[in-house]
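Visitor: Provided below for reference: sequence and predicted model.
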Number of protein chains: 2
Amino acid sequence: MLSNQLHNGLETAKLLWSRIPNSEDGEVDGGSLLRNSNGNTVESLDYEVIENYAYREEQAQRGKLYVGYYVAVKWFLALLTGIGTGLAAVFINISVENFAGWKFALTFSIIQRSYFAGFVIYVLINLILVFSSVYIVTHFAPAAAGSGIPEIKGYLNGLDIHGILLFRTLIGKIFGSIGSVGGGLALGKEGPLVHTGACIASLLGQGGSSKYHLSSRWLQVFKSDRDRRDLVTCGCAAGVAAAFRAPVGGVLFALEEVTSWWRSQLMWRVFFTSAIVAVVVRTAMGWCKSGKCGHFGSGGFIIWDTSDGQEDYSFEELLPMAVIGVIGGLLGALFNQLTFHITYWRRNYLHKKGNRVKIIEACLISVITSAISFGLPLLRKCNPCPESDHDSGIECPRPPGMYGNYVNFYCGKDKEYNDLATIFFNTQDDAIRNLFSAKTIHEFSAQSLLTFLVMFYTLAVVTFGTAVPAGQFVPGIMIGSTYGRLVGMFVVNFYKNLNVEEGTYALLGAASFLGGSMRMTVSLCVIMVEITNNLKLLPLIMLVLLISKAVGDAFNEGFYEQQARLKGIALLESRPKYQMRNMMAKEVCRNQKVVSFPRIVKVADAVSILQSNLHNGFPVIDHVRNGETLVIGLVLRSHLLVLLQSKVDFQHSPLPCDPAGVSKSISEFVKPVSSKGISIEDIHLSSDDLEMYIDLAPVLNPSPYVVPEDMSLTKVYNLFRQLGLRHIFVVPRASRVVGMITREDLLIEDSEDPASVELHSTSGASSI
Amino acid sequence: MLSNQLHNGLETAKLLWSRIPNSEDGEVDGGSLLRNSNGNTVESLDYEVIENYAYREEQAQRGKLYVGYYVAVKWFLALLTGIGTGLAAVFINISVENFAGWKFALTFSIIQRSYFAGFVIYVLINLILVFSSVYIVTHFAPAAAGSGIPEIKGYLNGLDIHGILLFRTLIGKIFGSIGSVGGGLALGKEGPLVHTGACIASLLGQGGSSKYHLSSRWLQVFKSDRDRRDLVTCGCAAGVAAAFRAPVGGVLFALEEVTSWWRSQLMWRVFFTSAIVAVVVRTAMGWCKSGKCGHFGSGGFIIWDTSDGQEDYSFEELLPMAVIGVIGGLLGALFNQLTFHITYWRRNYLHKKGNRVKIIEACLISVITSAISFGLPLLRKCNPCPESDHDSGIECPRPPGMYGNYVNFYCGKDKEYNDLATIFFNTQDDAIRNLFSAKTIHEFSAQSLLTFLVMFYTLAVVTFGTAVPAGQFVPGIMIGSTYGRLVGMFVVNFYKNLNVEEGTYALLGAASFLGGSMRMTVSLCVIMVEITNNLKLLPLIMLVLLISKAVGDAFNEGFYEQQARLKGIALLESRPKYQMRNMMAKEVCRNQKVVSFPRIVKVADAVSILQSNLHNGFPVIDHVRNGETLVIGLVLRSHLLVLLQSKVDFQHSPLPCDPAGVSKSISEFVKPVSSKGISIEDIHLSSDDLEMYIDLAPVLNPSPYVVPEDMSLTKVYNLFRQLGLRHIFVVPRASRVVGMITREDLLIEDSEDPASVELHSTSGASSI
């Protein structure tokens, strides 16, 4: 059926193609330019999920030693990612706690003399911190604004949003979140830490940042996009593990929320990274315990141990807990809706006016936040301290300069405390610790909690979307634990004979709000258990999450999905859309003009084809002896550009080339993550060059996936999504069936190839 | 290109095909008969992962109410699965604890007078329990033998091993494991509980067992295989959650170890089932606390609370912990190897000799186990009790008839205890509790631990594979915690100044052995944390697991994989094999004879084709006007058999049928899980019937997945495995490309179809 000539060419193609990295399913980098509704250029990246056998083959050629080296580097990079993310988390936390601690200490010492002077100082310190944050973000690292999780999700779904994984973004994220969190805004540092972890992983994966001369040659073994993405997944898990000191939660977060193509083999490495983070963070905290890190160590670094709280629950309590779930669902969905609209307005109106507006906005919000958190507690009457209970170890009022419960603020007497100041005029970590605290029944009045809930909810909605790094976890926990504690107070009053702790309800409230807003299930549950160190509440947390997520889902999408949509990050969901059922493959490409290449193309023709359209992949059609045509493969724009630029493979005759003469080295086809690759405008050819020919056989992908033209789009979608493809050919129905492949045909026993055994055993494939 | 006639036929095909349940990718039940090396018939089942839109369409036709009903039933069945599994677990535990408690109480009361009489009674009770277990299994439910996890893995991988999910298997599993665990054999009840959960789920999924008239019509809405498999996945998670009271561990176990095609949407329902189990188990235990359940309540039902143990660890301890990891890897790998060889020998020699041999074998092992566990402690000298520490609440010796530490057995004085009897002559749960116990330094002598380790290891190896339900978790924990405690003893002696608890090392040892044998990572880690209720050891458990798994992987496969292979369960792994790189699609079907059907086939021809081979799917080829042929789809053997049996669609003329006349109802094509379906021998046709024709267009799958003949087998494998297919057509290269589908083409915005919104919001697709 194939002419001999063609056949030779195809053999060459197979030979060479298998030597090009990432070429398993035909594409090194799709790079299709999507211009989305917001005018951002979102570049599609190649994501190949399937086994990169081409690369393995290359390894096998280089010998077993190289395979070992490659595997070792993979694990070493995971180790480095863990260490790096852990250190970054420690650094952020030490800085935030020190800034905040110093701020509160100074304010408290000044208000002994003048409340007005204290207020001014407090506002100014916050303003300076927020200003530094917004300045860094706007002038140095614009991609560091926001939480970063939607962008990372997009990246792992196969999109490359420009700038999110650069070295400058990393720096901006770290210092920006120190400013914004230290400056007392209603946002958290956890989302940014996930982004930080991802940045560290990505930089390590490409062997450092070449722009800042921090690259290392011997780390650059990751030629495939998949390896880099796997490392970024590790980085995300490390970020969560570091943010919450929740290693298992980190693994599950990466699995449930972030990645699009999960492989069981990867779990093992993600797990390792998380374990490393846990060790690093624990070591650093042990080191800081002796007071070497200033204010850090006494408070700070999320872990709200509630293990001395409620031990048991009775069936009557399930009703108020269900109520918490419903409230969480409603408030969470409302939160998503409000932030969606405000962010939409910001993106399309406010932030178009330039950096100055962004800075003014953030500073304004900072001043308002400071004023509210300082001013509202002033209006509140102080309560007398409860009778001291020495067993609980809680002092009232707390000693000056310390963290803890029962803040004495604007009180007439010494033995009084201000309940609103205890949660509002405090670091967020401490406020949450106070809300979660057991054995402090009647500490807060319903009025204070309600005031705080309304004000903080509003602040959180308004603050999200300003040009500073901003996470939504801690604000969510604040909001949730406030109404949770409110419900708990009613339960305490209503079921008088039960051993109920308000702190438990606060914890359930926190879970419910996060469930209602972010719609995570298992990972959130594990994170809540890990940060409160209390396994006994697990079934209750599960119950509350189930309810709040179900209620939230009745209204809108999850927080990250909405934000991703706003940013024009079009995620390919794991399910096909409903209306695809009634569509056929040929319908979606009805308006397309298929531009194809002949096998041997004149350079001038190639250039003009590339100039005339923006397609990233082209079918290659050849004529066989009897005049019929035959689709022989797919060639990528990027590969063509490399060929045109290098000029090495140009030939004078329009005849198939000699396979032996083809000399493309593999690494030439690899595109660095943070560069844009070559464009057709960059290539300048002389008129002599234009008269020459190129044989495409060596560089084409000889067998891209194909679907018949009348296949249901649902099936096409599944093929595309499950295999992480970039291009599918739609072809006419076949005229005959050569064979049929069933389960039995694919059950081939392992041969004892040493390289495969090596890979098999070290990558843990045997546990799948 | 298509003749009009054909075109009409294909339209009909699409219409009807879309109404056949499970037909999304073309097959209701593949049912390919694989005769494996052990002579068992393993039947392949259809597993369709992709969206069952055909079924949805039917739902849409029946209206929104039905969709709501369908979703509600899905969740209701998950609820029932959770409740059922929870109750089964409680029942098993109450029975085991009561039998064992009664047995030990009786023995202890008799040995006050005569040790020999006590020994005889002890042996006899164990023998009776084990005999009842092996009798039930051999005569009533042969599929209930062993752990069941490899079989469930196989089922969820797309294979149907006959009998594993029947009602009788469920009953056999429950009562069998009561006998075998209560009878003191060296095996656990956790694996069987996973199988129990899966059986309950499967029975609920098909609406009860029709054979025992326990079916309910209104539950039979699950027409698709996928829904049933999803429910079985829930059942597995429920089993683990019930076995260990570890709900999150259950979810992760289902994810990591059991399922082959995980969808994020499913996680939500699995999570729900686990939460229900946790609530059921907790309620039952609360009810039993007051002594209503006999011996159960004081001991029993795994949760070895170690939260009062070691709080902290120092860096010097990492070395002995790493040593534990290495030992775990070595002993685990050895365990797998030994059980593999012994099970192989059993299957091929011993168990071929019939049920009598199986019963004798189990009884013999029971007697040996009893003799060792009674006899060895007799040889051991008693130790004097340590000075009593009232704070720890541990009495020495323990009061008669109680569970706990410091068993007084064959001791001269009152204030003495026998350390070997404390672990050997005890229920496994209590033995583990004692090994894990903190504040009991120097309780065990190294000699006793070593003796126990060797004897119990041997017993566990020999016992696994007898014809009783047998889990490997608890024996693994026993073995691991013994050498862990041994290492801990050396650490206590060596690092004298550290606050080290031997119990912590026992726990790490348990984790290391399970990691070295089963090679799970995240799920095992979470299970260990949940059963010990101690989050602080998480990083240490992670570390130990990492090491033991890596060491184990260097030697052999995981326990379940090896057992699955022995049983001829050929799992399609998630990675293609190494040598597939160099193969092409057409190579694997080189020796196949493709048997195809014409569109309109004579009944006699159809029968003879079906009789002449065992293929389960056939290409349908039609001739178009200009004499060319065209592949118009795939028809399944099972559908043909239904057509032949019903005779309704027979027609006299060899011309395409009238689409309106086709009247197959959908449910006729569904095969119940536990039946074998129709065979060609069951169909009897008159000679008049044989002269008639059938038009296959209405029942064929018009667009099965196709691959070009020279595609790399790696890519074919990925397509097959990722999409959970049953048949792929290998076709010649296409002559032209109709269009090209890229990411942008598939980003279609949601239409506001009410049914889709409904499904979308309730099934949690928005959180993916």
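Guide: Sure thing, it's come through.
Visitor: Output the set of residues of the stretch 551-700 of chain A in proximity to chain B.
Guide: Residues of the stretch 551-700 of chain A lying close to chain B (Cβ under 8 Å from any Cβ of the partner chain) are A:553-554, A:557-558, A:561, A:570, A:572-581, A:585-586, A:588-590, A:592, A:594, A:596, A:615-617, A:619, A:621, A:628-632. Just so you know, the C-beta spots here come from the backbone N, C-alpha and C atoms, and that holds for glycine as well.
Visitor: Against chain B, how distant is the residue located most distally from the centre of chain A?
Guide: Note on chain A: the largest C-alpha distance from the chain mean falls to A:Asn626, namely 54.0 Å (Cα atoms, centre = their mean). The gap separating A:Asn626 from chain B is 11 Å, by Cβ to the nearest Cβ, to the nearest Å.
Visitor: likewise A:Gly480?
Guide: Taken as Cβ to the nearest Cβ, the span from A:Gly480 to chain B is 18 Å.
Visitor: Name all residues that make contact with that residue.
Guide: A:Gly480 makes contact with A:328, A:506, A:509-514 under the criterion Cβ atoms under 8 Å, 6 or more residues apart in numbering or on different chains.
Visitor: same deal with A:Val522?
Guide: A:Val522 is in contact with A:252, A:256, B:248, B:251-252, B:267, B:271, counting by Cβ under 8 Å, 6+ apart.
Visitor: Neighbour count and secondary structure added to the contacts of A:Gly480, as a markdown table?
Guide: Converted to a markdown table, those look like this (neighbours: other Cβ atoms under 10 Å in any protein chain shown; DSSP: H, G, I helix; E, B strand; the rest coil):
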| residue | neighbour count | secondary structure |
| --- | --- | --- |
| A:Gly328 | 32 | helix |
| A:Ala506 | 32 | helix |
| A:Gly509 | 31 | helix |
| A:Ala510 | 34 | helix |
| A:Ala511 | 31 | helix |
| A:Ser512 | 37 | helix |
| A:Phe513 | 33 | helix |
| A:Leu514 | 27 | helix |
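Visitor: Could I get those in JSON lines, plus columns for distance to chain B?
Guide: Putting the contacts of A:Gly480 into JSON lines (distance: Cβ to the nearest Cβ, whole Å) gives the following:
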{"residue": "A:Gly328", "distance to chain B": "15"}
{"residue": "A:Ala506", "distance to chain B": "20"}
{"residue": "A:Gly509", "distance to chain B": "18"}
{"residue": "A:Ala510", "distance to chain B": "18"}
{"residue": "A:Ala511", "distance to chain B": "13"}
{"residue": "A:Ser512", "distance to chain B": "14"}
{"residue": "A:Phe513", "distance to chain B": "15"}
{"residue": "A:Leu514", "distance to chain B": "12"}
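Visitor: So of these, which two are at opposite extremes in space?
Guide: Spatially, the most separated pair among those is A:Ala506 and A:Leu514, at 13.0 Å (Cβ to Cβ).
Visitor: Identify each of the strands in the stretch 551-700 of chain A and give its residue range.
Guide: Taking DSSP state E, counting those that start in this stretch as the criterion, the stretch 551-700 of chain A carries its strands at A:597-598, A:600-602, A:617-623, A:629-636, A:693-695.
Visitor: Tell me which of the ones you listed lies nearest to B:Val491.
Guide: Sorting these by Cβ to Cβ, the top spot, which is the nearest, belongs to strand A:629-636 at 58.5 Å.
Visitor: Now do that closest one: distance to the chain's middle.
Guide: Mean C-alpha position of strand A:629-636 versus that of the full chain (Cα atoms, centre = their mean, to the nearest Å) differs by 37 Å.
Visitor: Return the set of buried residues in it.
Guide: Neighbour counts over strand A:629-636 (16 or more other Cβ atoms under 10 Å in any protein chain shown) mark A:630-636 as buried.
Visitor: Those into a markdown table, with extra columns for distance to B:Cys363 and pLDDT?
Guide: Compiled in a markdown table, these are given as follows (distance: Cβ to Cβ, whole Å; pLDDT from 0 to 100):
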| residue | distance to B:Cys363 | pLDDT |
| --- | --- | --- |
| A:Leu630 | 70 | 87 |
| A:Val631 | 68 | 88 |
| A:Ile632 | 69 | 86 |
| A:Gly633 | 66 | 87 |
| A:Leu634 | 66 | 89 |
| A:Val635 | 71 | 88 |
| A:Leu636 | 69 | 85 |
